[in-house]
Each structure stands twice: as structure tokens, then as C-alpha cells.
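1. all I have is the shape, not the residue letters:
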């Protein structure tokens, strides 16, 4: 396991694909911007609900993209 890979004992927050962390951070920033949230500073200033919206929308978009790819479409 690379030294810079995050590992949590509960099995969460692990980066499974090397190099994906930066892409996920950019995606998170994009989603937050779509929602009108300032995600550039301290995330502690955002409510749990706001952070949840960002994560939830990320998951929905990733699922939609995977479904589209499985159906033979492109996105």
C-alpha cells in the first residue's frame, strides 16, 4: 500500500485508485459550485446538510454516468 494512501480502520475513506483523490476533489468543488456553496475554505463552516448535499449529488452523478456507460451511451 502506498504511503500516501488514506486508510481508515472502518474500511471507509480509502482511495482505491491511485491518482483519483485529486479528481474527486475537483469533482467535489464542481458540485459545490453548482449548489452555490463556497467549498474553497474551511469545510467546518458548512452545515452537515450542505456537506451531505455535495456528497449525495456526487454519488447520483457517478451512478448516472455508470448506468449510461453500461447502457452503451457516453457521457
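-> Structure received. The shown structure was predicted, so the numbers you read here are calculated from the model rather than taken from an experiment.
2. now residue 57: closest residue in space that isn't a chain neighbour?
-> Spatial nearest neighbour of residue 57, chain neighbours left out: residue 31 (5.0 Å); criterion: CB to CB, 6 or more residues apart in numbering. From N, CA and C alone the C-beta is placed, and that goes for glycine too.
3. quick check: the one you found touching residue 51?
-> No - contact criterion CB atoms under 8 Å: residue 31 and residue 51 do not qualify, at 10.9 Å.
4. and the two? which has more neighbours close in?
-> A direct count of neighbours by other CB atoms under 10 Å for residue 31 and residue 51 places residue 31 higher, at 19 against 16.
5. in what helix or strand does residue 59 lie?
-> Per DSSP states H and E, residue 59 falls inside helix 48-70.
6. before we move on, the earlier item: confidence score at the residue nearest to residue 57?
-> Here, the pLDDT recorded for residue 31 equals 92.
7. picking up where we left off before, list the helices and strands the helix holding residue 59 packs on?
-> helix 20-34 (3 or more CB pairs under 8 Å, 6 or more residues apart in numbering; DSSP states H and E).
8. and the angle from the helix holding residue 59 to helix 20-34?
-> 110 degrees (axes from the mean of the first three to the mean of the last three CA atoms, to 10 degrees).
9. list the buried residues for helix 48-70?
-> 50, 51, 53, 54, 57, 58 (16 or more other CB atoms under 10 Å).
10. what residues does the spatially closest residue to residue 29 that is not a sequence neighbour make contact with?
-> Spatial nearest neighbour of residue 29, excluding adjacent residues (CB to CB, 6+ apart): residue 39 at 5.6 Å. Residues near residue 39 by CB atoms under 8 Å, 6 or more residues apart in numbering: 28, 29, 32, 33, 46, 54.
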